[in-house]
Each structure stands twice: as structure tokens, then as C-alpha cells.
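**Q** coords below, sequence missing:
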């Protein structure tokens, strides 16, 4: 498929990005570069110095709302994309109304209990929605352990094992690999339609 | 019983198992799980009561922090 054709298809789709940290910021940028039509991005956090080891932000954006900073960065790359942002903490009560118009939801939280909350809320309320989850990417090395597993309309990207800890921090290479794998999975789902 | 577990056929000598028994049999020790049986969500409070039977399609997703 030629890039023109890919862009023409992708512009009709809306992707939800749940969290604008390491996974969400990098995944959103990859989708924006490829020409997705519309992004709905949610995060309640601000950019801090410690985020810069993996997240798609710049030093002069420290202190800004992540959703504001990410929108700014994406618009510098591709101003044609419609970006809707929610400066909000997602929960069981608000998630469905925020993401119901999305074709696919990318789960991009850091905490496992939030990942679980999103998946369970979607299974119960929007069972047909495709979900692309990131799970297992801490540390460095072992690139080939990172994979995508499909279970119905739920896709898990990562090694499913490497949990972040003091001694195994999330770092740009592996977090970026999973974020881009999530973006690649989104393209695969949309373009195979 | 024969079930599908995470897309793969599996055979157990027991004719039925609770979710917790199934997790023990498979040595699934991760603490943050999402479980679906035949497409329906089974929540943590039901792991001792929900029975997995022959022919069931079980999905166990395990989630680890990081992102």
C-alpha cells in the first residue's frame, strides 16, 4: 500500500490514548506522523524532569500539563490532525463517555491497576472496542522478548513480565519499542479492514 | 475437561475447576490479572465461585506496571 493510500485511509479514524507518559506520548507521535485523523488524549499529570528519559517532551516543557505539551508537539509534526485533550484522571465512570467515539483505545498508563481498570471497564461496557495494551517493558536489553499477543479484540504489547522498580526503571528504548508496537498494531487493525 | 486457555487447547484431569484452582494448576502467580470466560469478564471476587467447564474459552491477561 502506498503512503498516500495509507494516509487517506487513516484520516477517517479516531484513536483514544489513555495516558500521555512514555507509552502514550510516543505512540501518539507515531500515529500522528503516519496520518491518523483524530486523537483523543487523556492525562492529568504535568511534565517533570524525570519524564524526559523516555517521554516525548522537551526540557522547556517541564511544568506544563502533559496534554497541552503533547498537543503542541504533535501540531509541530502534523498540524492536520485533530487533537482532543482531556486533563482528567480516567476512571470507571468517565472512561466510556470519553472514548466511546474511538475506533481503537491505546492503553498507556504506568500502573498495572489502571491498566486492569481500563480493560475491565471496556469489556463490561464496550466489549467490541479494540484495545491495545502495553505490559512489560522495564529495564534494558532483551529486545526479542517484546511481542504482541492477540486475545480476541485485546492486543497486549510487551514482554508481559518486566515490571518497573527502583532497580529496573522504564527507559526510552524499551518503552519506545512498546509504544511504537502499539502504534503499529493500531495500523494493522485499521488497514486490514 | 478440554478448554481453550489463551488461544491454546488445554486438557485437565478434573471435570471442572474454579478460576483460582485453574490459576494454581497453571502456576499463574501474577497479582494483576484480567480474566474472561467465553467473552464475559470474571472479577476477582468470583475467582473462588466461578466454575470453568469443558469447552470453555478462558483468557487470562496479566498486567505489570510500567509505561
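**A** Received it, and whenever you're ready, just let me know what you need. These numbers were taken from a predicted model, which means no experiment stands behind them. Residues are numbered from 1 along each chain as shown, chains lettered A, B, ... in the order given.
**Q** residue boundaries of the helices in chain A?
**A** Along chain A, the stretches classed as helices by DSSP state H are A:3-10, A:22-34, A:66-77, A:95-99, A:112-125, A:172-191.
**Q** any weak-confidence spans in chain A?
**A** Applying pLDDT under 70 to chain A flags the ranges A:193.
**Q** show the contacting residues for the residue nearest the centre of chain A.
**A** Most central in chain A under Cα atoms, centre = their mean is residue A:24, positioned 3.3 Å from the mean C-alpha point. Going by Cβ atoms under 8 Å, 6 or more residues apart in numbering or on different chains, residue A:24 touches A:17-18, A:41, A:43, A:70, A:106, A:108, A:179, B:67. (Each C-beta comes from the backbone N, C-alpha and C, glycine too.)
**Q** among those residues, which lie within strands?
**A** Among those, the members found in strands (DSSP state E) are A:17-18, A:41, A:106.
**Q** which of those lies closest to residue A:92?
**A** The closest of the ones in strands among the contacts of residue A:24 to residue A:92 turns out to be residue A:18 (Cβ to Cβ; 12.7 Å).
**Q** that closest one and chain B, how far apart?
**A** 10 Å (Cβ to the nearest Cβ, to the nearest Å).
**Q** pretty sure residue A:37 is touching residue A:84, no?
**A** No. Applying Cβ atoms under 8 Å, one finds residue A:37 not in contact with residue A:84, separated by 11.5 Å.
**Q** now do the contacts for the closest residue to residue B:65 other than its chain neighbours.
**A** With Cβ to Cβ, 6 or more residues apart in numbering or on different chains as the criterion, residue B:65 has its nearest non-adjacent residue at 4.4 Å, and that residue is residue A:112. Taking Cβ under 8 Å, 6+ apart, we find residue A:112 in contact with A:135, A:163, B:32, B:63-65.
**Q** now do stretch B:2-9: everything it contacts.
**A** Contact partners of stretch B:2-9, identified using Cβ under 8 Å, 6+ apart, comprise A:149-151, B:10-12, B:22, B:26, B:52-60.
**Q** just the ones of the residues you listed in helices?
**A** The helices, defined by DSSP H, take in residue B:22 from the contacts of stretch B:2-9.
**Q** the contacts of stretch B:2-9 in strands, which ones?
**A** Checked against DSSP E, the contacts of stretch B:2-9 include these in strands: A:149-151, B:10-11, B:52-53, B:57-60.
**Q** quick revisit: now for the ones in strands among the contacts of residue A:24: which two are most distant?
**A** A:41 and A:106 (9.6 Å).
**Q** got the residues of chain B near chain A?
**A** Counting by Cβ under 8 Å from any Cβ of the partner chain, chain B comes close to chain A at B:6-7, B:32-34, B:36, B:39, B:41, B:43, B:59, B:61-67.
**Q** rewinding a little: ok, so of the contacts of residue A:112, who is nearest residue A:155?
**A** residue A:135 (10.5 Å).
**Q** which residues touch residue B:15?
**A** So residue B:15 contacts B:1, B:53-54 (Cβ under 8 Å, 6+ apart).
**Q** export those residues to a markdown table and tack on pLDDT and neighbour count?
**A** Putting the contacts of residue B:15 into a markdown table (pLDDT from 0 to 100; neighbours: other Cβ atoms under 10 Å in any protein chain shown) gives the following:
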| residue | pLDDT | neighbour count |
| --- | --- | --- |
| B:1 | 97 | 15 |
| B:53 | 97 | 12 |
| B:54 | 98 | 11 |
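**Q** so what would you say the end-to-end distance of stretch B:14-29 is?
**A** By Cα to Cα, to the nearest Å, the extent of stretch B:14-29 from end to end equals 20 Å.
**Q** now residue B:52: how far from residue A:119?
**A** Residue B:52 sits 20 Å away from residue A:119, going by Cβ to Cβ, to the nearest Å.
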